[in-house]
Every structure is written in C-alpha cells, then in structure tokens.
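Novice: build me a model from this:
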Amino acid sequence: MEQNTRPPQKRRKVTRRQLRQRRIIGLAALLLIIFLLSSGCASCIRCACKPEESQPKQEAAVTTTAVSGTTAPTQATTETATTLPQEYLAASLPDSYQIPVDVLYQEPELPTGNEITSLTMLLNFLGFDVTKQNMANNFLTCAEVGNATFSQAFIGSPFDSSGYGCLAPVIVDAAQKYLKSQNSGRTVKTLNVNSFDDILLRIASNHPVLVWVNQDLELMQEEYCFTIYDNTAVQTTTAPAAGTAEIASGTEAAPSEAATEAPTETEVYWIPNATCVVLTGYDLENNTVTVIDPTQGEVTYDMEMFKTSYNALYKQAIIIY
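Specialist: Residues are numbered from 1 along each chain as shown. Got it, this is the predicted structure:
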C-alpha cells in the first residue's frame, strides 16, 4: 500500500500591520460586548432579580395622579384669589375698536340711577351676576339734600324721579364695596388723564370706561342746589369746581373761637343733565365714539363733541380691571 503523503503547506506569513488590525478589531468587539451587558442585559438582570421594587413605584405614580386630579380645582381657586389682575394696555391705538357690552336700561326701576346702572353694566361685562337694584340698595351710598356733597353720596334716591345723582368717587366706592363682598382681586381705577387718547387706549385694551358727560352732549352750566351747614368743613374728593364751594361765615369772635366754633358753609352745585355712560368703542376715521346710555341704549356721538362734554364734567372716568 502506497503511503498517502502530502507536501506540507506553507503557513501564511502575517505582517505586523495585519496583526495590529486584528488586535484593534478584537478590542472593539470586546468593548461592544461590555457596553451591551452594562446597558441592556444588566438592566434586565436587575429587574428580574428585584421585581418587588418596580411595583411600588408604579403604585406611587398612580397615587400621585389621583391626588393631582382632586387638588387641581383648589389650586386654581388659590391662584385666582392671590394673583391680582393687571391693567393690560395695547401697544398702540388702532383706527377703531368696539367692545360688546350688553345694554342695561335704568328705567323703570331706577329713573335717576344712570350712574349705578352703568356700573352694573360694567360689572356684568366682567362676569359678575348682579342687578342694578342690588347695587343701588346694598352698595350705593345715598344722602338727603343738605347732608353731603355729590362726591360723597348719591343725593336723593335713584329709585325716585326727584333724585339728583353723584360723581365718580361715589361709584368708585360702590364698586369697591361690591368687589370686596365677592372676594374679588379686581381693581377700580379713576383715570386722571389729560389726553383723551389715553381713554381710547383703554377701549383698545378691551376695558369699557365709565364716563360722565351731559345728556345728549347738551352743555349746561352748574346750578346752585343747597348749602351744607356744619362746624367742620365737608371733606370732598373733587375740586371745588366739581360741585362744591366752601364759604367761611363771618364772625367777630376771637381768632381761637372762630377756628373752633364758627360754622362752615359749603355751597353745593350740580349740572342738571349730568349722566354716566359706558364708553364701548370708537372710530378714528369717522371721528366717532360709541357709548351705552342707560336711558337710550347704544348711541354714536361725534368724538369732538363728546370730548368737550367730558371736559365739562370734570374729566371723570373709571375702569375696572
């Protein structure tokens, strides 16, 4: 039998470069295996070894969700009560703007209650469910003729056709008392501005404005109404031109006695056709303003005539924000 012999194969010679490449590839494969074990498999091993730790965490998440769902209304209420509204103002004055305010007439219940009716319209616009009768009965300060000025109280009664009226400070007081009764954080602000554009800017910022003007913009002069007699001067919140004039009565007593005993007479004046309306819109191109008059509903006036009447009524304007 012949012996099967093969010539010995020559071993392939490995160069140093090839050996270096093999080492690099092996090292990279080893690092990849280590990374996969540490990130994936090791995590699986931990979860499999300690299943009791994952369940409590899941229950805790469910509990947190349930508590959050029940406390959300309380948190919202707290934010409403503690976060005071801000007076947002538009960056510029657009050519026109109109605020949709529902009309509320003063008659027949309040034949002379234009001021408190206009305030009620503004409060209704802001979302408060209140009637003009409620505002007049419970929040409007009234006084008889001779006991106060028009800046201190509504003279007479808005339920009576013989009632006079009041100026802005009295309506500010009524608004503040109502908002306090509702635990509201809103602010009542008197607008002391020189430029009528500042009034229009409030309209463009969606703030209806209570404004005192003459009925139908028919200008009338102040008329003397009555005199208040008191040992102390009546404190007013408006200038004497806004319905009051103080006169010190003559006396021959010594200066010290005159200072303590002499009565002070306060002559009180009133513009017979003064009224309070809600300014809701304007149009610069047509030079008009839109108001809601509690006696007539929505009315459009010439802007220049309206400004003249506004100035004649001592530039009285109020917003609530």
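
Novice: so how far is Glu115 from the nearest residue to Gly156 once chain neighbours are set aside?
Specialist: By the measure of Cβ to Cβ, 6 or more residues apart in numbering, the closest residue to Gly156 outside its immediate chain neighbours is Gly163, 3.3 Å from it. C-beta: built from backbone N, CA, C; applies to glycine. Applying Cβ to Cβ, to the nearest Å, the value for Gly163 to Glu115 is 10 Å.

Novice: about what we covered before: enumerate every residue touching the residue nearest to Gly156.
Specialist: Counting by Cβ atoms under 8 Å, 6 or more residues apart in numbering, Gly163 makes contact with 111-113, 154-157.

Novice: cool, Asp293 as well?
Specialist: Applying Cβ under 8 Å, 6+ apart, we find Asp293 in contact with 114, 215, 275, 277, 299.

Novice: strands along the stretch 1-150 of the chain, start to end?
Specialist: Assigned by DSSP state E, counting those that start in this stretch, the stretch 1-150 of the chain shows strands spanning 96-98, 142-143.

Novice: next secondary structure after the shortest one?
Specialist: So that's strand 142-143. Downstream of strand 142-143, the first helix or strand assigned by DSSP states H and E is strand 154-155.

Novice: buried set for whichever helix or strand comes after that next one?
Specialist: Using DSSP H and E, the helix or strand that follows strand 154-155 in sequence is helix 168-181. By 16 or more other Cβ atoms under 10 Å, the buried positions in helix 168-181 come out as 168-176, 178-179.

Novice: nearest to Thr295, of those residues?
Specialist: Closest approach to Thr295 among these (Cβ to Cβ): Ile171, at 16.8 Å.

Novice: got the contact list for that closest one?
Specialist: By Cβ under 8 Å, 6+ apart, Ile171 lies in contact with 115-116, 118-119, 210, 276, 318.

Novice: can you name the two of those residues that are farthest apart?
Specialist: The most widely separated members of those, counting by Cβ to Cβ, are Ile116 and Ile318 (12.4 Å).

Novice: these two - which one has more neighbours?
Specialist: Ile116 (30 against 23; other Cβ atoms under 10 Å).

Novice: give me the common contacts of Gly163 and Glu115.
Specialist: Phe154.

Novice: model confidence for Arg6, exactly?
Specialist: Listed pLDDT for Arg6 reads 55.

Novice: ok, the one 5 residues further on next?
Specialist: If you check Arg11, the pLDDT there is 54.

Novice: when you give positions from now on, start the count at 17
Specialist: From this message on, residue numbering opens at 17, which makes the last subject Arg27.

Novice: show me the contacts of Ile187 that map onto helices.
Specialist: 131-132, 134-135 (DSSP state H).

Novice: can you give me the helices for this structure?
Specialist: Using DSSP H, the helices of the chain run over 32-52, 58-65, 67-98, 130-141, 148-154, 184-197, 212-220, 271-277, 319-328.

Novice: and these, which one is worst for confidence?
Specialist: The minimum mean pLDDT among these belongs to helix 67-98 (a mean of 35).

Novice: of the contacts of Asp309, closest to Lys323?
Specialist: Lys323 has its nearest neighbour among the contacts of Asp309 in Val293, at 13.6 Å by Cβ to Cβ.

Novice: I'd guessed the closest one sits against Gln312; true?
Specialist: No: at 9.1 Å, Val293 does not count as touching Gln312 under the criterion of Cβ atoms under 8 Å.

Novice: which of the two has more residues huddled nearby?
Specialist: Neighbours were counted for Val293 and for Gln312 using other Cβ under 10 Å; Val293 has more, 26 against 14.

Novice: gap between that one and Ile334?
Specialist: Per Cβ to Cβ, Val293 is found 12 Å from Ile334.

Novice: okay, and the common contacts of the two?
Specialist: The overlap between the contact sets of Val293 and Ile334 (Cβ under 8 Å, 6+ apart) consists of Leu226.

Novice: output the contacts of Gly179 as CSV; include the columns pLDDT and distance to Leu156.
Specialist: Shown next, in CSV, are the contacts of Gly179 (pLDDT from 0 to 100; distance: Cβ to Cβ, whole Å):
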residue, pLDDT, distance to Leu156
Pro127, 98, 15
Thr128, 98, 12
Gly129, 98, 8
Phe170, 98, 6
Ile171, 98, 11
Gly172, 98, 11
Ser173, 98, 9
